[in-house]
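>>> Got a predicted structure here, sequence first:
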Amino acid sequence: MDTKKEIDIEKIMEEIRAGIVAEGHVDDVAPFNINLLESALAHYHASSSLNPHPTIRSNGGNIGRLLVFVKRVIRKCINFHITPIVLEINNSSHRNLEVMQCLRNFVKAQLESGERLDYIEFELNNDKNRSLLLEEKLSDLVKQQKMLEDTLLIYKNEQRELIQELARAEKDIALLRTVKKQLGVSGENRAIGT
C-alpha cells in the first residue's frame, strides 16, 4: 500500500450512506418494539417445556379403553428412547430462553442508554443555546462597554477643554485684576493731582 496516499474515512462513509439512500434501504427497518419482544418471550417461556409423559385419556367405552391400553404399551416400549429426546428438547428450550432473556436485557439496556443519550443530547443542545445566549449578552455588554468608553473619552476631552478654558479665564481674571490695580492706582493719582 502506498503510504503517501491517505485514506479519507469520512468520504468513504458518505459514499456508503449515499449508496444506502440511493438503494432505498433507509426506511426498511421497522422501529423496535420492546413490548412485542416481552410478549413473545412470555409465550415462549410458557410453552418451552414438553411433558415426556402426557396423560393418555379415552373418550369412553371399551374401544377407548383398548386404545388407552395400546398407547400405554407403546409408550412403555419406546419410553427409553423418547424421554431423553424430550428432556434434551426441554434443556435446549431453556438454554434458548436464557439466551433470549439475555438479549432482551441487552436490548433494554441499549434502549435505556439511547434514552439517556437523547436526554444528554437534549441537555447539550440546551447548554449550547444557553451558551449562544450568553455569548450574545456578552457581545452586547462588550458593545455597551465600548460605547461607555467612547462616552468617557468624550467627557474627558470636554473636561480637558473646560480645564483649559478655566485656566485661560483665570489668566484673564488675573490680567484684569492687574489692569484694575494699575488703573486704580493711576486713577487715585490723577484725582489727587488735579
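Thanks, I have the structure now.
>>> Could you give the number of residues near the nearest residue to Gly64 once chain neighbours are set aside?
In this structure, Gly64 finds its nearest non-sequential neighbour in Ser58, 3.1 Å apart by CB to CB, 6 or more residues apart in numbering. C-beta coordinates here come from the backbone N, C-alpha and C atoms, glycine included. Number of residues near Ser58 (other CB atoms under 10 Å) recorded here: 14.
>>> Pretty sure Ser58 sits against Val68.
Yes - using CB atoms under 8 Å, Ser58 is in contact with Val68, at 4.6 Å.
>>> Now do the helix ranked longest in the chain, average pLDDT.
Counting residues, the longest helix found in the chain (DSSP state H) is helix 61-193. Averaging pLDDT along helix 61-193 yields 86.
>>> Check which helices and strands it sits against.
Under the contact criterion of 3 or more CB pairs under 8 Å, 6 or more residues apart in numbering; DSSP states H and E, helix 61-193 touches helix 34-46.
>>> What lies in contact with the helix it packs on?
Here helix 34-46 makes contact (CB atoms under 8 Å, 6 or more residues apart in numbering) with 93, 96-97, 100-101, 104, 107-108, 111.
>>> Compile those into CSV and extend it with columns for distance to Glu10 and neighbour count.
CSV is the format used below for those (distance: CB to CB, whole Å; neighbours: other CB atoms under 10 Å):
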residue, distance to Glu10, neighbour count
Ser93, 47, 16
Asn96, 41, 12
Leu97, 43, 15
Met100, 38, 16
Gln101, 39, 13
Arg104, 35, 15
Val107, 30, 13
Lys108, 33, 13
Leu111, 29, 12
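>>> Between which two of these is the distance greatest?
Distances among the contacts of helix 34-46 were taken as CB to CB; the most separated pair is Ser93 and Leu111, at 26.1 Å.
>>> ok, back up a step: the residue nearest to Gly64 in helix, strand or coil?
coil (DSSP: H, G, I helix; E, B strand; the rest coil).
>>> quick one on the thing from earlier: could you redo the contacts of helix 34-46 as CSV and give each row distance to Val179?
What follows is the contacts of helix 34-46, written out as CSV (distance: CB to CB, whole Å):
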residue, distance to Val179
Ser93, 125
Asn96, 121
Leu97, 119
Met100, 115
Gln101, 113
Arg104, 110
Val107, 105
Lys108, 103
Leu111, 100
